[in-house]
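Peer 1: sequence-free structure coming up:
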């Protein structure tokens, strides 16, 4: 591998590459690790994923947490794939409903922005597609983020009702079924107030 790097970059650059570690991740499970070991590899570390912490034959929710803030300073993940780029900073999310009770859009705001208000017209726009935007005057506003674990203050908040959380999640799946009559704005949006 060092010889190939020397051929590509020249000897002066290649020496530094010999000291670098190689990290592998993305859908790694026991069978992949076994195959890599059989064929020999130069990987120095593995990203632990869903299949390494749960049984492969059991269903699992594959989630990725992205760092967006450290000690109050916003952080961003950059990627050539626009769907993998994070919007920096702490956020709040709200679901806006029409008068007929149907949800029309979810909005994401920076943590210090004011909460959307009922009957107050707002401009919602897609974070990456500037032409995708619409004015919404919500009949109801629902906060989407709810604290379920507070490591700084002892774990689960004392007023958290897990049966209520379960019922709310089941209700949300039913309400969010797509219907041909409901106007929708697809994708995550950010909120900008209009005067």
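Peer 2: Received it, and whenever you're ready, just let me know what you need. The model shown is predicted, which means the values in this text are computed figures rather than measured ones.

Peer 1: what sits against residue 160?
Peer 2: With contacts defined as Cβ atoms under 8 Å, 6 or more residues apart in numbering, residue 160 is in contact with 147-148. All C-beta atoms are positioned from the backbone trio N, CA, C, and that covers glycine.

Peer 1: quick one: it from residue 141, how far?
Peer 2: Distance from residue 160 to residue 141, counting by Cβ to Cβ, to the nearest Å: 22 Å.

Peer 1: neighbours of residue 173, just the number please.
Peer 2: When counting by other Cβ atoms under 10 Å, one arrives at 8 neighbours for residue 173.

Peer 1: is it true that it lies in a strand?
Peer 2: No: under the criterion used here (DSSP: H, G, I helix; E, B strand; the rest coil), residue 173 is helix, not part of a strand.

Peer 1: Check the offset of stretch 66-77 from the chain's centre.
Peer 2: Computed by Cα atoms, centre = their mean, to the nearest Å, the chain-centroid distance of stretch 66-77 equals 13 Å.

Peer 1: and the end-to-end length of it?
Peer 2: By Cα to Cα, to the nearest Å, the extent of stretch 66-77 from end to end equals 8 Å.

Peer 1: quick one: the strands in this protein?
Peer 2: 23-24, 45-46, 69-70, 73-74, 91-97, 103-110, 122-125, 133-136, 140-143, 189-193 (DSSP state E).

Peer 1: among these, which gets the worst mean confidence?
Peer 2: Lowest mean pLDDT within the strands of the chain: strand 189-193, a mean of 36.

Peer 1: any chance of the strands of the chain in TSV, with distance to residue 84 and mean neighbour count too?
Peer 2: Shown next, in TSV, are the strands of the chain (distance: least, Cβ to Cβ, whole Å; neighbours: other Cβ atoms under 10 Å):
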stretch	distance to residue 84	mean neighbour count
strand 23-24	17	12
strand 45-46	20	12
strand 69-70	18	10
strand 73-74	17	10
strand 91-97	17	18
strand 103-110	16	19
strand 122-125	20	18
strand 133-136	22	15
strand 140-143	26	14
strand 189-193	17	18
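
Peer 1: As JSON lines, those with distance to residue 165 would be great.
Peer 2: Output for these, formatted as JSON lines (distance: least, Cβ to Cβ, whole Å):
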{"stretch": "strand 23-24", "distance to residue 165": "35"}
{"stretch": "strand 45-46", "distance to residue 165": "33"}
{"stretch": "strand 69-70", "distance to residue 165": "25"}
{"stretch": "strand 73-74", "distance to residue 165": "29"}
{"stretch": "strand 91-97", "distance to residue 165": "16"}
{"stretch": "strand 103-110", "distance to residue 165": "18"}
{"stretch": "strand 122-125", "distance to residue 165": "27"}
{"stretch": "strand 133-136", "distance to residue 165": "27"}
{"stretch": "strand 140-143", "distance to residue 165": "14"}
{"stretch": "strand 189-193", "distance to residue 165": "25"}
